[in-house]
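K.L.:
attaching a predicted model along with its sequence, questions to come.
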Amino acid sequence: MNQKMDRQALVWGGLLVLIGGMLLVQTFTDIGAWIWVAVLAAAGLGVYAAYAVDRKQKWMLIVSYVFLAIALLVALLTLDVLADSFVATFVLGSIAIPFLYVYLRNRTEWWWLVPSYALIAIGVMVPLIETGILEDEIVPAYVFLAIGLPFFVVYLRNQTMWWALIPGGVMALMAMAFLLASDKAQFIVPAVLIVVGAVVIGRQFIGTKVPSGEGDSEG
């Protein structure tokens, strides 16, 4: 127990001293972005090294991941690889990844997909709004479709769970209502109908099974 507390104190104390020292230096001189990237990455790797010593301390993985994610964000912004409109997507996606990772480790714990999906859906919506792809009535249509989609997935995975079609259908109808009220309805609605029709036809071909013995000559 003492070793555990000593390791936690060492990690947290070291991080506080490191960040506090960097902020103090920043008040006297300009620290380049790449120095911050190097320090944040080193802090993340250092915490991961401490976790490798005692893998029971799972919380260290979270701390390490956060520092490495921030270091990557600063690096991408410095290189002008990540546009301002995608910063929120990166942040929300970074938060979603641990939830998705937990689900992939144990797929019986499907509830971890809920926060992951919500964060990714919002993360996709933000740049679409800022770039003008989503605007006016298209925004609530996207929200309703994002809410309804998981219910359709539940039904497609297990068609005995027909109840999922009720909330999914309601959300889809609300989304369609906003789409019809949009100026882009003449393009979006036909595209949606074509996609839905193609999916229905595709499911018929995929689900078709040739009965055993069919086509064999009699006698």
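P.N.:
On my side now, so go ahead.

K.L.:
I'd like the average pLDDT over the longest helix along the chain.
P.N.:
Criterion DSSP state H: the longest helix present in the chain is helix 2-28. Mean per-residue pLDDT for helix 2-28: 73.

K.L.:
likewise for stretch 88-107?
P.N.:
86.

K.L.:
could I get the full set of helices for the protein?
P.N.:
Using DSSP H, helices in the chain cover 2-28, 33-53, 59-78, 87-105, 113-130, 138-157, 165-180, 185-207.

K.L.:
adding mean neighbour count, write the ones you listed out as a markdown table.
P.N.:
For every residue, glycine as well, the C-beta is placed using N, CA and C. Converted to a markdown table, these look like this (neighbours: other CB atoms under 10 Å):
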| stretch | mean neighbour count |
| --- | --- |
| helix 2-28 | 11 |
| helix 33-53 | 16 |
| helix 59-78 | 17 |
| helix 87-105 | 16 |
| helix 113-130 | 17 |
| helix 138-157 | 18 |
| helix 165-180 | 17 |
| helix 185-207 | 11 |
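
K.L.:
quick revisit: got the angle for the longest helix of the chain vs helix 33-53?
P.N.:
Orientation of helix 2-28 against helix 33-53 (axes from the mean of the first three to the mean of the last three CA atoms, to 10 degrees) gives an angle of 180 degrees.

K.L.:
and the angle from helix 2-28 to helix 59-78?
P.N.:
20 degrees.

K.L.:
report all helices and strands that helix 2-28 contacts.
P.N.:
helix 33-53, helix 59-78 (3 or more CB pairs under 8 Å, 6 or more residues apart in numbering; DSSP states H and E).

K.L.:
and those helices: which comes nearest Ile201?
P.N.:
helix 59-78 (41.6 Å; CB to CB).

K.L.:
alpha carbons of that closest one, as PDB, please.
P.N.:
Once non-C-alpha atoms are left out, helix 59-78 reads as follows in PDB (Å, rounded to 0.1, in the frame of the first residue of the first chain):
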ATOM      1  CA  TRP A  59      -5.500   5.200 -14.000                       C
ATOM      2  CA  MET A  60      -1.900   5.900 -15.200                       C
ATOM      3  CA  LEU A  61      -3.000   4.800 -18.700                       C
ATOM      4  CA  ILE A  62      -5.600   7.500 -18.800                       C
ATOM      5  CA  VAL A  63      -3.100  10.200 -17.700                       C
ATOM      6  CA  SER A  64      -0.500   9.000 -20.200                       C
ATOM      7  CA  TYR A  65      -3.100   9.000 -23.000                       C
ATOM      8  CA  VAL A  66      -4.300  12.500 -22.200                       C
ATOM      9  CA  PHE A  67      -0.700  13.900 -22.300                       C
ATOM     10  CA  LEU A  68       0.100  12.200 -25.500                       C
ATOM     11  CA  ALA A  69      -3.200  13.300 -27.100                       C
ATOM     12  CA  ILE A  70      -2.500  16.900 -26.200                       C
ATOM     13  CA  ALA A  71       1.000  16.600 -27.500                       C
ATOM     14  CA  LEU A  72      -0.300  15.300 -30.800                       C
ATOM     15  CA  LEU A  73      -2.900  18.100 -31.000                       C
ATOM     16  CA  VAL A  74      -0.300  20.800 -30.500                       C
ATOM     17  CA  ALA A  75       1.900  19.200 -33.100                       C
ATOM     18  CA  LEU A  76      -0.900  19.000 -35.700                       C
ATOM     19  CA  LEU A  77      -1.800  22.600 -35.100                       C
ATOM     20  CA  THR A  78       1.800  23.700 -35.300                       C
END
